[in-house]
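Q: what shape does this take:
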Amino acid sequence: MAETRIEDYAMIADCETAAMVSRDGSIDWLCWPRFDSDACFAAILGGEGNGRWLIAPAGKITAQSRRYRGDTMILETRFETQDGAVVLIDFMPPRGEASDICRIVVGERGSVAMKLDLIMRCSYGTAVPWVSKMDDGALRFVAGPDRAILRTSVPLKGKDMKTVGEFTVSKGDRVAFVLTYSSSFAKAPDQVDAERALSDTETFWTKWSSRYREAVRDWGAPARWTNAMMRSLLALKALTYAPTGGIVAAPTCSLPETLGGANNWDYRFCWIRDATLTLLALMNSGYFDEALAWRDWLLRAVAGDPGQMQIMYGVGGERRLLEWTADWLPGYANSRPVRIGNAAHAQLQLDVYGELMDALHQARCGGLPESAPAWAVQIVMLEHLEKIWSEPDQGIWEMREPARHHTYSKVMCWVAFDRAIKTAEQFKLDGPLDRWRAARRAIHDDVCAKGFDVKLGSFVESYGSKQLDASLLLLPCVGFLPPSDPRIIATVEAVEKRLYVDGFVFRHDAEDRADIPKREGAFLACSFWLVDAWAMIGRNEDAKALYERLLLIANDVGLFAEEYDTVARRQVGNIPQGFSHISLVNSGHNLVHPIKPAEQRSK
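A: Numbers count the residues shown, from 1 in each chain. Here you go, the predicted structure:
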């Protein structure tokens with residue numbers, strides 16, 4: 001199978017799991033029944049022999065295009081041939097009972113010969129399921145605990161360890177396929193009527209998106225901005241695991257940050273670091289139910305001994321995210337190793353304490369209902385942070401190298417105490433305010449003395465370093481110093497000079513750093529942070545111009561991966577990346593929303 005570019009994938013989802021659909025009509029990645037399950041297709045990582053589901057014209061395709069139907073997660077791919085045209089409609093109905101993939105082929109013009117090629121594999125391509133026919137004619141695929149059932153009116157047969165079929169679609173015809181997952185030991189889920197499910201799915205997404213459409217009418221923002229923010233919010237909703245409220249960073253794993261490189265990570269988990277920006281993106285867009293569910297997921301996930309708080313958890317709050325490699329898979333673009341799980345969950349990253357405290361403070365300020373245990377948990381967390389804030393850590397970029405005193409990590413420790421003080425004062429809650437004020441003052445003094453390089457005239461990546469990193473752009477946004485402070489302005493300008501290359505912000509200063517790949521893509525969230533920083537220091541026209549330019553690199557259906565390779569001019573890393581889309585929404589709000597996230601955090 002020829003390599004499909006990362007940006008050639010679109011996502012369909014049911015708010016419990018997701019699938020990635022390529023331009024050619026092939027579903028190449030699918031996790032069942034949860035985002036981090038190993039019961040999945042794996043063609044995106046190992047070639048078509050490791051699982052795919054293709055529905056496409058059997059002959060030569062003369063033209064092809066695709067789109068999402070309105071403000072939904074229903075994907076429509078249109079194929080033209082010399083004999084006619086068809087539209088392939090792909091979606092996952094969020095019915096909450098089981099995970100289904102519905103595919104409907106609609107004849108639009110002429111008569112088109114079609115083919116189906118299904119390679120069902122589980123456990124990242126290692127398990128070939130046993131296929132049998134059910135009494136109603138449906139095909140049943142079973143491999144250990146996993147079962148899928150395929151229902152269609154098209155005659156199918158087995159060939160070379162795969163399921164194939166041929167059919168013809170004429171103008172006005174509608175041919176449906178429904179693939180349903182369930183546990184092999186459970187009762188089979190109810191059969192889905194694809195046409196009714198399509199109507200229900202469109203209603204679900206249209207109703208959900210209408211809240212934001214109503215909110216933006218009076219903002220005076222360009223339509224291309226509000227459309228991009230709407231698509232990003234839809235992606236964020238699609239990355240939600242509805243039973244718990246957790247939101248995964250991406251539905252994929254091990255898509256490389258550097259093509260052919262080894263920085264390939266599993267992002268099917270929920271990062272505490274995303275907490276505040278996720279909450280603000282949701283609340284400022286009118287999605288308070290989702291914000292509340294995310295807040296409650298946070299509190300459940302971090303509950304327990306504060307010394308055991310992790311930087312990430314599973315969608316249900318799982319803690320053991322052990323990392324291993326699928327050595328039998330060649331990886332996307334021969335990028336090895338293919339990693340499953342994420343060892344960074346065990347790292348010390350001090351900034352997450354500040355993110356958690358800030359998120360809970362913003363939740364209260366946004367009017368979310370109070371959680372009785374929340375304040376007690378926060379007090380215990382801060383007692384622990386008083387003891388450890390002065391330690392080195394792995395930092396926001398989760399570097400697998402000796403720990404350092406990262407400037408941004410220390411700043412976020414300051415944020416933790418600052419938000420706790422403000423919460424206690426604003427909401428009349430009891431706490432050891434004198435101790436917290438002393439800790440806040442000590443951390444602020446420490447950062448200003450050790451995290452700022454007088455000769456460079458800028459804050460630096462870590463104490464004693466001469467290097468910069470993009471997280472420094474967040475200092476004014478979190479309120480550590482006012483945007484007008486000369487040290488902030490100089491830092492923004494320094495990051496711009498050294499990390500802003502070819503119109504994008506790279507997260508690291510790679511000079512003399514053997515641990516950073518020279519061809520690593522530009523981290524897209526960092527580029528949106530520069531939009532925010534420019535807006536805060538008064539460079540509004542520069543901020544708007546950069547925002548416009550960033551929107552141009554979305555793929556054809558509005559999705560962003562984690563990074564952008566400025567040399568190859570293509571997206572790299574896992575897709576769609578929640579952090580990229582969250583940052584897009586918040587930057588857009590900073591430019592046009594009456595309530596600006598950067599101002600909310602910096603007050």
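Q: strands of the stretch 501-603 of the chain, start to end?
A: 504-505, 522-523, 563-565, 570-572 (DSSP state E, counting those that start in this stretch).
Q: so what touches the second one?
A: Judged by C-beta atoms under 8 Å, 6 or more residues apart in numbering, the contacts made with strand 522-523 from elsewhere in the structure are 470, 501-502, 504-507, 562-566. In short, each C-beta sits where N, CA and C put it, glycine included.
Q: same thing with the third one?
A: With C-beta under 8 Å, 6+ apart as the contact definition, strand 563-565 has outside contacts at 257-259, 504, 519-524, 553, 570-573.
Q: mind doing that once more with 7 Å?
A: Strand 563-565 has contacts (C-beta atoms under 7 Å, 6 or more residues apart in numbering) with 257, 259, 504, 521-524, 553, 571-573.
Q: where in the chain is pLDDT low?
A: In the predicted model of the chain, residues 1-2, 48, 510-519 satisfy pLDDT under 70.
Q: all helices of it, in order?
A: 43-46, 194-216, 223-238, 275-284, 288-302, 351-365, 372-388, 407-427, 433-450, 486-499, 524-536, 540-551, 578-592, 597-602 (DSSP state H).
Q: neighbours around Ala545, how many?
A: By the criterion of other C-beta atoms under 10 Å, Ala545 has 14 neighbours.
Q: dump the strands of the stretch 501-603 of the chain to TSV, plus mean neighbour count and distance to Ser602.
A: Shown next, in TSV, are the strands of the stretch 501-603 of the chain (neighbours: other C-beta atoms under 10 Å; distance: least, C-beta to C-beta, whole Å):
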stretch	mean neighbour count	distance to Ser602
strand 504-505	23	20
strand 522-523	25	22
strand 563-565	26	27
strand 570-572	24	31
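Q: among those strands, which comes closest to Ile595?
A: strand 504-505 (24.9 Å; C-beta to C-beta).
Q: how far does the closest one sit from the chain's center?
A: Put simply, strand 504-505 sits 19 Å off its chain's centre (C-alpha atoms, centre = their mean, to the nearest Å).
Q: ok, stretch 556-570 next?
A: The answer for stretch 556-570 is 14 Å, by C-alpha atoms, centre = their mean.
Q: orientation of the longest strand anywhere in the chain relative to helix 194-216 in degrees?
A: Under DSSP state E, the strand in the chain containing the largest number of residues is strand 99-119. Between strand 99-119 and helix 194-216, the angle comes out at 120 degrees (axes from the mean of the first three to the mean of the last three C-alpha atoms, to 10 degrees).
Q: buried ones in strand 99-119?
A: Applying a neighbour-count criterion of 16 or more other C-beta atoms under 10 Å, the buried positions in strand 99-119 are 99-108, 112, 114, 116-119.
Q: now swap in stretch 184-200 and tell me
A: 184, 189, 192, 194, 197-198, 200.
Q: quick check: end-to-end length of it?
A: 27 Å (C-alpha to C-alpha, to the nearest Å).
Q: now swap in stretch 4-12 and tell me
A: Taking C-alpha to C-alpha, stretch 4-12 runs 17 Å from one end to the other.
Q: what are the buried residues along that stretch?
A: Residues 4, 6-12 are the ones in stretch 4-12 that count as buried (16+ other C-beta under 10 Å).
Q: closest to Ala58 among the residues you listed?
A: Thr4 (19.6 Å).
Q: now do the contacts for the closest one.
A: Thr4 neighbours (C-beta under 7 Å, 6+ apart): 22-23.
Q: check the gap between it and Ile101 for me.
A: To Ile101, Thr4 is 18 Å away according to C-beta to C-beta, to the nearest Å.
Q: same check, this time on Ala494
A: Ala494 is 49 Å from Ile101, where distance means C-beta to C-beta.
Q: got it, and Arg69?
A: 16 Å.
Q: cool, and Ala346?
A: For Ala346 relative to Ile101 (C-beta to C-beta), the value is 35 Å.
Q: please apply the same query to Arg441.
A: Plainly put, Arg441 is 56 Å away from Ile101 if you go by C-beta to C-beta.
Q: do the same with Ala470
A: Taking C-beta to C-beta, one finds Ala470 at 38 Å from Ile101.
Q: ditto for Ala293
A: With distances taken as C-beta to C-beta, Ala293 is found 25 Å from Ile101.
Q: next: Asp430.
A: Between Asp430 and Ile101 the computed distance is 52 Å (C-beta to C-beta).
Q: do the same with Ile247
A: Distance, Ile247 to Ile101, using C-beta to C-beta: 21 Å.
Q: and Met309, by the same measure?
A: As judged by C-beta to C-beta, Met309 and Ile101 stand 37 Å apart.
Q: ok now stretch 478-489, how far from the chain's centre?
A: Distance, centroid of stretch 478-489 to centroid of chain: 29 Å (C-alpha atoms, centre = their mean).
Q: what residues does it touch?
A: In contact with stretch 478-489 (C-beta under 7 Å, 6+ apart) are residues 411, 414-415, 452, 459, 475-476, 536-537, 601-603.
Q: picking that back up, columns distance to Gln362 on top of the contacts of strand 522-523, output as a markdown table?
A: Below are the contacts of strand 522-523 laid out as a markdown table (distance: C-beta to C-beta, whole Å):
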| residue | distance to Gln362 |
| --- | --- |
| Ala470 | 22 |
| Val501 | 32 |
| Asp502 | 34 |
| Phe504 | 28 |
| Val505 | 24 |
| Phe506 | 28 |
| Arg507 | 24 |
| Glu562 | 24 |
| Glu563 | 27 |
| Tyr564 | 29 |
| Asp565 | 34 |
| Thr566 | 33 |
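Q: tell me the one of those nearest Phe167?
A: Ranked by distance to Phe167 (C-beta to C-beta), the contacts of strand 522-523 are led by Glu562 at 38.3 Å.
Q: I'd say that closest one and Asn574 touch.
A: Yes - at 5.4 Å, Glu562 counts as touching Asn574 under the criterion of C-beta atoms under 7 Å.
Q: what is the burial count for the nearest residue to Ile272 once chain neighbours are set aside?
A: Spatial nearest neighbour of Ile272, excluding adjacent residues (C-beta to C-beta, 6 or more residues apart in numbering): Val352 at 4.3 Å. Val352: 25 surrounding residues under other C-beta under 10 Å.
Q: tell me how far Glu16 lies from Gly286.
A: 23 Å.
Q: who touches Glu386 in this structure?
A: Each residue near Glu386 by C-beta under 7 Å, 6+ apart is listed here: Ala439.
Q: what of the one 10 residues further on?
A: Listed by C-beta under 7 Å, 6+ apart, the contact partners of Ile396 are 273, 349, 351, 408, 471.
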